[in-house]
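Colleague: Return atomic coordinates for the entry below.
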Amino acid sequence: MIIEAKAPTRIDLAGGTIDLWPLYLFHDRAQTINFAIDQYAKCRVETRTDGKYIVESKDRGARVEVNSLEELRGDDELSLISKLIYFFLQPQAGTQTGLQITTDCMAPAGAGLAGSSALNIAVCGALNHLTGSRYPVERLPFIAINVETQVLKVPAGYQDYFPAVYGGVSRIKLEIEGIFREAVETDLDELESRVALCFTGAPRNSGINNWEMYKRHIDAAPGIFERFEKIRDTALSIDEALSARAFDRIGAIFAEEWASRRELAPGITTPFIDELIDIARRNGAEAAKVCGAGGGGCVAFYCQPDRKADVEAALQQAGGKIIPYRIARAGVQIAEV
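Modeller: The predicted structure is shown next:
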């Protein structure tokens, strides 16, 4: 059997970091807002008859080959995929005769677009299909975050898995009863026309950056609670503006989110990011923010109407790499081939 799956990555608009458990429990009405984009993470799963388990990552140029599930469980080279294979196949170990899985991601490594989370969902979807769809699709984000947390060895945020599962614009509500995703109904074409995406060329480590902010919140560092409240408030405000299709209001809110996030974690920016933001503003951008935890990766720019092309040209001239995209209208897609 051969199964192929792909899942979209995302651009986060507001509310990141507050989605780490248990931080959201300290902030009423906590939520995040993001949208899926067609920079897909992909995987291909093939059953084998020789008992071998082979994992290959094309974008990372890495390959692992072992002779048993138990041996795969201890893999450190491609540990996320290996742990997912073990989770899904171990209950049926007596019936499996081997497996080969090949992965690739269109988004640059360390871009802050949740590429690892999208890949996680694509692999979960394919392996779940292979093993008889034991889990409904709405459970996949929770399986994915738990396995990724095992790999990162620090808490992972919830928001990144939902755009990969559902596509579109997502409102992820972080509540005492649980984590819930709702679709934000808005004009997707208008949103696309106003947000430019630029890769700085330098990767970042979201696990490390988020962990530092996490520890400061748990330790009640001075001013930390108020800064997280501001991040929560900007997510609520962007949600309201998107739902009302009030796109002229979003630029100012976007700028507020970036200011709050810089106060929360000064290391989120770099001199090159600051330079790109300054250039973009001079060419029609209203605001900008880093994608993900920052320190490198991608920057999203919110543009004045009809100025996105000007912003992209200026950023390209300054040494940034423009990533063309469309908002992904659908989430994870799985097919037998």
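Colleague: And for A109, the neighbour number?
Modeller: Per other CB atoms under 10 Å, the neighbour tally for A109 reads 11. No exception for glycine: its C-beta is placed from N, CA and C like everyone else's.
Colleague: List the buried residues in stretch 166-186.
Modeller: Judged by neighbour count using 16 or more other CB atoms under 10 Å, the buried positions of stretch 166-186 are 166-174, 179, 181, 184, 186.
Colleague: Show me the two of those that sit farthest apart.
Modeller: Farthest pair in the buried residues of stretch 166-186 (CB to CB) is I179 and T186. Separation: 21.5 Å.
Colleague: can you give me how far stretch 107-122 is from the chain middle?
Modeller: Averaging C-alpha positions (CA atoms, centre = their mean, to the nearest Å) puts stretch 107-122 6 Å from its chain's average.
Colleague: Use 21 as the first number for this chain going forward.
Modeller: Sure, I'll start counting at 21 from here, so that last one is stretch 127-142.
Colleague: avg pLDDT for that stretch?
Modeller: Mean pLDDT, computed over stretch 127-142, is 93.
Colleague: CA atoms only: put it into CSV for me.
Modeller: Extracted in CSV, the C-alpha atoms of stretch 127-142 (Å, rounded to 0.1, in the frame of the first residue of the first chain):
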residue,chain,number,x,y,z
ALA,A,127,8.8,25.9,3.7
PRO,A,128,12.4,26.7,4.6
ALA,A,129,13.7,25.0,7.7
GLY,A,130,13.5,27.3,10.7
ALA,A,131,11.2,29.7,8.9
GLY,A,132,8.7,30.1,11.7
LEU,A,133,5.8,28.8,9.6
ALA,A,134,5.2,25.7,11.7
GLY,A,135,6.7,23.3,9.1
SER,A,136,7.5,20.6,11.7
SER,A,137,3.9,20.8,13.0
ALA,A,138,2.5,20.5,9.5
LEU,A,139,4.7,17.6,8.8
ASN,A,140,3.7,16.1,12.1
ILE,A,141,0.0,16.3,11.0
ALA,A,142,0.7,14.9,7.5
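Colleague: what about I251, which helix or strand?
Modeller: In this structure, I251 sits in helix 244-263 according to DSSP states H and E.
Colleague: Over to W231?
Modeller: Applying DSSP H and E, one finds W231 within helix 226-238.
Colleague: I'd like the mean pLDDT over that helix, please.
Modeller: 75.
Colleague: now the strands for this protein?
Modeller: Using DSSP state E, the strands of the chain run over 22-34, 51-67, 73-77, 82-86, 119-125, 189-195, 198-203, 215-219, 305-310, 318-323, 341-342, 353-356.
Colleague: Show me how far stretch 338-352 is from its chain's centre.
Modeller: Computed by CA atoms, centre = their mean, the chain-centroid distance of stretch 338-352 equals 13 Å.
Colleague: how about it: buried residues?
Modeller: Buried residues in stretch 338-352, counted by 16+ other CB under 10 Å: 340, 343, 345, 347-348, 351-352.
Colleague: do the same with stretch 36-47
Modeller: 36-40, 43-44, 47.
Colleague: Looking at those residues, which is nearest G271?
Modeller: G36 (18.5 Å).
Colleague: Excluding chain neighbours, what is closest to that closest one?
Modeller: In space, and not counting its chain neighbours, G36 is closest to T52: 6.1 Å by CB to CB, 6 or more residues apart in numbering.
Colleague: separation between the residue nearest the centre of the chain and G312?
Modeller: Against the mean C-alpha coordinate of the chain, by CA atoms, centre = their mean, the closest residue is A134 at 2.4 Å. Per CB to CB, to the nearest Å, A134 is found 7 Å from G312.
Colleague: where do the contact lists of those two overlap?
Modeller: Residues within reach of A134 and of G312 at once, by CB atoms under 8 Å, 6 or more residues apart in numbering, are D32.
Colleague: Can you check what pLDDT the model gives the closest residue to D39 other than its chain neighbours?
Modeller: Excluding the flanking residues, the one nearest D39 by CB to CB, 6+ apart is G177, at 4.1 Å. You'll see G177 listed with a pLDDT of 90.
Colleague: My read is that G177 contacts L43, right?
Modeller: No - judged on CB atoms under 8 Å, G177 makes no contact with L43 at a distance of 9.1 Å.
Colleague: Now for the two: what residues contact both?
Modeller: T37.
Colleague: The buried residues of stretch 36-47: which two are farthest apart?
Modeller: By the measure CB to CB, G36 and H47 form the most distant pair in those, at 13.1 Å.
Colleague: before we move on, the earlier item: what about the buried residues of stretch 338-352, which are in helices?
Modeller: Counting by DSSP state H, the buried residues of stretch 338-352 place none of their members in helices.
Colleague: which one of those residues is nearest A56?
Modeller: Distances from A56 to those, taken by CB to CB, are shortest for A348, at 4.0 Å.
Colleague: which residues sit in contact with G118?
Modeller: 67-73.
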